[in-house]
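S.K.: Below are the sequence and a predicted model for it; my questions follow.
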Amino acid sequence: MKLLPLAALLILAAVGSASWAAEAPTPPPLVYVPYDKVPAADPKAASVLLPYEEFRRLWEASQRPLGEPGKPPTGAALTTFELSGAVSGERALLRLSGSAVAFAPGWSSVALPPGLLVAELKGEDERLVLERNPAGDGLLLHLPGPGTWRFTAEVAAPVARDAAGGRALELALPNAGGGRLDLLLPEAGAELAVAPALAVDTRPEAGGTRVRAVVGGQGAIKMTWRAPVAAAAGEALVLCDSRTTVTVGERSLAAEVALALTILRRPLADLALRLPAGVQVLAVEAPGLRTWEVAGDELRLHAREPREGALPVRLRLERLLPAAAGATRALDWATPLVRGAERQTGLLALRGDDGLALAVAGHDGLAQVDPREAGAEGAAAAFRFLSPPPPLAFTVQRLEPDLRVQLHQLVRLAQDETRIEVVAELAVRRAGVFALSAPLPAGWELVDAGGLAIDDARVVGEGAARRLELALRA
């Protein structure tokens, strides 16, 4: 019974050898596996039908030797960590619990970020070693061999505080895929902001506010918080630093006042300033200002909503002066003060218009400084004060102008007239002049007058009182 398949194979082999020279042999379309059980009526019931090329591919793949196992992408890595602790004073004290996995045989290392300030490290194995990274910033945790290694460390971080009472904490985080933060803030009901945005849970508890966050995969986080307004105790604390420049003119005192206010403890919507006597308020500028009004010697500011923190305010004030009876007059200036401010410091600078000389009579409570060092370039005098000073007394003297003229004259004689052309080079010192006057001899008439400084020219008076008046441009 088994001779028939063998004969068929021999015939196929003979045919194949006869056609070898003509063309390459082609593999049979099907191979019966197992070969000695040729299917009869239903092939799928007793055997598997498989194309020859697929059978050869599977056979060759089964004969290949097994390859070497792949090397890990890194020698060691941090897997998880947890930072837990509390903010105390100006620092945060935290406990870092973490685990690292070493893959390679022998020693391997994982890096900790540069901003992580580690005070002490303990491992479950005494061979765990922590050292500063010799190749750069940060720390290296050395692992003695393959396996999972757990460790704990004491970590500290500084807590910053701003002038408005807010606090900020920046934490550098280990490079691990999973991480958690559990931190207690001392302020109960603190208003918290975290960057970048994370999954954060805050809950009030005894001693402050508990903050829990998932921080895995982050390089660093920044937390800012402040006590809620309702929890702030006491009245608002206002600090003021002012910069006032007073310009003295013939008939007025003009003041530019810049106030740098700092409002602490609780927000304020209204402020009151005490004004110097006799001044007019020309302008008030402040962020969020709704309106302002003058009531007696007070300037009252009303904001759209309560403000806290830094608040800049700018004022323009003017005080009109009566005509002076002589060349010298005595004046004073009182510094504008914020009602109820806990501290008031500042700078006061005096300037004089052209033609005026200023002399300070007394400056009790004021320390005189160099105007250039104080940033008041061109001022006649500058003073600093560390508490509200009394009014500054000074005298103003009107300077007489010092005129120097050089004349160039050309006389032209003719039969019916004599013409004189005069060029005057005028130098004005000490004080400015707005007009010039000169006698005009009888019989002479003004033909023309010109020059960059001349605004108008005319002849006034009669007879011997005739004069040439020149109005000068300012």
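M.R.: Looks like it came in fine. Numbers count the residues shown, from 1 in each chain.

S.K.: drop to CA atoms for contacts and neighbour counts, all remaining ones
M.R.: OK.

S.K.: what about Ala76, how many neighbours?
M.R.: For Ala76, the count of nearby residues is 23 (other Cα atoms under 10 Å).

S.K.: Please apply the same query to the one 3 residues further on.
M.R.: Using other Cα under 10 Å, Thr79 is surrounded by 17 other residues.

S.K.: got the contact list for Arg180?
M.R.: Counting by Cα atoms under 8 Å, 6 or more residues apart in numbering, Arg180 makes contact with Phe81, Glu82, Leu83, Arg212, Ala213, Val214, Val215, Gly216.

S.K.: Please tell me how far the residue positioned nearest the centre of the chain sits from Val211.
M.R.: Against the mean C-alpha coordinate of the chain, by Cα atoms, centre = their mean, the closest residue is Asp162 at 13.6 Å. Distance of Asp162 to Val211, computed by Cα to Cα, to the nearest Å: 21 Å.

S.K.: what does Gly85 give?
M.R.: 10 Å.

S.K.: per-residue confidence at Leu470?
M.R.: Here the pLDDT value assigned to Leu470 is 81.

S.K.: Please name the nearest non-neighbouring residue to it.
M.R.: Leaving aside its sequence neighbours, Leu470 sits nearest to Ala457 (Cα to Cα, 6 or more residues apart in numbering; 4.6 Å).

S.K.: returning to what we had before: any residues in contact with both of Gly85 and Val211?
M.R.: Counting by Cα under 8 Å, 6+ apart, the residues touching both Gly85 and Val211 are Asp182, Leu183, Leu184.

S.K.: what's across from Arg412 in the sheet?
M.R.: Assessed by DSSP bridges, Arg412 has beta-bridge partners Arg419.

S.K.: dump the residue contacts of it.
M.R.: The contact partners of Arg412, taken as Cα under 8 Å, 6+ apart, are Thr418, Arg419, Ile420.

S.K.: repeat for Arg161
M.R.: By Cα under 8 Å, 6+ apart, Arg161 lies in contact with Arg167, Ala168.

S.K.: Could you do Glu250 as well?
M.R.: Listed by Cα under 8 Å, 6+ apart, the contact partners of Glu250 are Leu321, Ala323, Asp353, Leu356.

S.K.: among those residues, who's most crowded?
M.R.: Neighbour counts for these, by other Cα under 10 Å, peak at Leu356, which reaches 21 neighbours.

S.K.: Give me the spatial nearest neighbour of it, chain neighbours excluded.
M.R.: Closest residue to Leu356 apart from its sequence neighbours, by Cα to Cα, 6+ apart: Arg398 at 4.7 Å.

S.K.: What residues does the one you found make contact with?
M.R.: With contact taken as Cα under 8 Å, 6+ apart, Arg398 is in contact with Ala327, Thr328, Gly355, Leu356, Ala357.

S.K.: Just flag the most distant two among the residues you listed.
M.R.: Thr328 and Gly355 (12.0 Å; Cα to Cα).

S.K.: hang on, the earlier thing: same list (the contacts of Arg180) but as CSV, adding pLDDT and distance to Ala286.
M.R.: Listed next are these as CSV, based on pLDDT from 0 to 100; distance: Cα to Cα, whole Å:
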residue, pLDDT, distance to Ala286
Phe81, 93, 48
Glu82, 94, 47
Leu83, 93, 44
Arg212, 93, 40
Ala213, 92, 39
Val214, 91, 42
Val215, 91, 41
Gly216, 87, 44
